[in-house]
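*Asks:* can't give you the sequence, but here's the structure:
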């Protein structure tokens, strides 16, 4: 059994651990308060609430949910072995990630990328609790290096939705209000190379809602989408297509005309009778389900069993489809996808010309 009072190699000196039984202790911003030496007041209390709101928005909701699950898993793992997760103990975390890679209870082993994400989640939670987790500590770093050396595999990429695929997918949709919305989602997601979270975060106009992270602007020549992303604000330009049936801007205009949406979230839930929008924002899970459903209905990759072929497609299939299908300079694709490097863009290109530059011939062979 792991010793409960193992010496910590990561906790700062003279730091009293917070209440580990308080579920909100590790949430971003929950530890913000008026300093002990400052007299409280109504104004300061309101500022505390404001600061907490800003702190909670420091990381995306999906990231917060993932980090919360990471901490819950590690907390449960520690308690099953008679120890506590606080303060951080590098030796213990090294044992934890080793167990994640080689479980002793028959559960599936975690991938290297998931284990690295778990470490990021733990480091984030310790930081919120006033501790520091040194991932370069030898008890963690050497174990992780060994896991990578033994278990690392090439990333499993989702299938790209290509031009003929997206046309077949939108052809499965009718012209009711719900299908007009879904057709617009598919075409905008494909033409813009958008993440599913970016699709559903859009508002009609700036500052329409508190939970929106972007807005749209329809111009004569196309559409401009403005997003607040991981690295700041960015704009995505989507030009008008050559055919109204496949033009994402035309699809958007039709959807807005018949839905009569002029405020709030762009993509909203539709009433059961398919007559009007409810005002409620769609979940990003709707985009993933929509892609799988239309892939199935269009018969894409019908050479495979249904369960296997549907597993090949996800929200990222739209981004990969644009990167693969657009026959333009890589720099334009890189800008559209919001990538910091062209190497990341190339990871999305499923069928690129790898031998456009032939160094063998250039070297005289």
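*Replies:* In hand now; what should we look at? On a predicted model such as this, the values are computed, not experimentally measured, just so you know.

*Asks:* I figured residue 179 was touching residue 171, is that so?
*Replies:* No - between residue 179 and residue 171 there is no contact, the gap being 11.1 Å when judged by Cβ atoms under 8 Å. (Glycine included, C-beta is placed from N, CA and C.)

*Asks:* Looking at these two, which one has more neighbours?
*Replies:* Set residue 179 next to residue 171 and count neighbours by other Cβ atoms under 10 Å: residue 179 wins out with 16 against 13.

*Asks:* Find the nearest non-adjacent residue to the more buried one, please.
*Replies:* residue 173 (4.1 Å; Cβ to Cβ, 6 or more residues apart in numbering).

*Asks:* Quick check: that neighbour is in a helix.
*Replies:* No - Residue 173: not assigned to a helix; according to DSSP: H, G, I helix; E, B strand; the rest coil it is coil.

*Asks:* ok, which stretches of the stretch 251-365 of the chain are strands?
*Replies:* Ranges of strands in the stretch 251-365 of the chain, per DSSP state E, counting those that start in this stretch, are 268-270, 277-281.

*Asks:* can I get these in a markdown table with mean pLDDT?
*Replies:* Below are these laid out as a markdown table (pLDDT from 0 to 100):
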| stretch | mean pLDDT |
| --- | --- |
| strand 268-270 | 96 |
| strand 277-281 | 95 |
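
*Asks:* winner for burial among these?
*Replies:* strand 268-270 (a mean of 18; mean count of other Cβ atoms under 10 Å).

*Asks:* How far does stretch 38-45 stretch from one end to the other?
*Replies:* Using Cα to Cα, to the nearest Å, the end-to-end distance of stretch 38-45 comes out at 12 Å.

*Asks:* Low-confidence ranges, the stretch 51-200 of the chain, go.
*Replies:* 154-156 (pLDDT under 70).

*Asks:* Give the buried residues for stretch 79-86.
*Replies:* Buried positions in stretch 79-86, judged by neighbour count with 16 or more other Cβ atoms under 10 Å: 83, 85, 86.

*Asks:* helices or strands next to the lengthiest helix in the chain in the packing?
*Replies:* In the chain, taking DSSP state H as the definition, the longest helix is helix 61-80. Packing partners of helix 61-80 (3 or more Cβ pairs under 8 Å, 6 or more residues apart in numbering; DSSP states H and E): helix 90-101, helix 112-128.

*Asks:* Could you identify the helix or strand that succeeds the longest one?
*Replies:* Toward the C-terminal end, the helix or strand that comes next after helix 112-128 (DSSP states H and E) is helix 138-151.

*Asks:* Need the contact partners of that next one.
*Replies:* The contact list for helix 138-151 (Cβ atoms under 8 Å, 6 or more residues apart in numbering) reads 9, 90-91, 93-94, 97-98, 101, 109, 111-112, 115-116, 119, 134-135.

*Asks:* Same question for stretch 110-126.
*Replies:* 10, 26, 59, 66-71, 73-74, 88, 93, 97, 100-101, 132-133, 135, 140, 144, 147-148, 151-153, 155.

*Asks:* now do 7 Å
*Replies:* 26, 66-67, 70-71, 74, 88, 93, 97, 100-101, 132-133, 135, 147-148, 151-152 (Cβ atoms under 7 Å, 6 or more residues apart in numbering).

*Asks:* same deal with stretch 173-181?
*Replies:* Counting by Cβ under 7 Å, 6+ apart, 182, 183, 254, 255, 258, 259, 267, 270, 274, 275 sit against stretch 173-181.

*Asks:* CSV please, covering the residues you listed and showing distance to residue 105.
*Replies:* Formatted as CSV, these follow (distance: Cβ to Cβ, whole Å):
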residue, distance to residue 105
182, 42
183, 46
254, 53
255, 49
258, 54
259, 50
267, 42
270, 44
274, 48
275, 51
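
*Asks:* Out of these, which comes closest to residue 166?
*Replies:* residue 183 (10.2 Å; Cβ to Cβ).

*Asks:* and the closest one, what does it touch?
*Replies:* 170, 173, 251.

*Asks:* And the first one, how far from residue 243?
*Replies:* When you say that, I think you mean residue 170. For residue 170, the distance to residue 243 equals 11 Å [Cβ to Cβ, to the nearest Å].

*Asks:* More neighbours: which of the two?
*Replies:* Higher neighbour count among residue 170 and residue 243: residue 170, with 21 against 9, using other Cβ under 10 Å.

*Asks:* The more buried one is in contact with residue 188, isn't it?
*Replies:* No - using Cβ atoms under 7 Å, residue 170 is not in contact with residue 188; the gap is 11.4 Å.

*Asks:* quick one: secondary structure of the residue lying closest to residue 314 once chain neighbours are set aside?
*Replies:* Spatial nearest neighbour of residue 314, chain neighbours left out: residue 158 (4.7 Å); criterion: Cβ to Cβ, 6+ apart. Under three-state DSSP, the three-state class of residue 158 is coil.

*Asks:* Residue 316 is in contact with residue 158, correct?
*Replies:* Yes - counting by Cβ under 7 Å, residue 158 does reach residue 316; the two are 5.0 Å apart.

*Asks:* Could you break this protein into its assigned domains?
*Replies:* Under the assignment automatic domain parsing, the domains of the chain span 23-151, 163-348.

*Asks:* what's the most buried one of these?
*Replies:* It is domain 163-348: most buried of the domains of the chain by mean count of other Cβ under 10 Å, with a mean of 17.

*Asks:* which residue packs closest to the residue most central in space within the chain, ignoring adjacent ones?
*Replies:* The centroid of the chain falls nearest to residue 62 when counting by Cα atoms, centre = their mean (6.3 Å). Leaving out its chain neighbours, the residue that sits closest to residue 62 by Cβ to Cβ, 6+ apart is residue 197, at 6.7 Å.

*Asks:* Alright, I will stop here.
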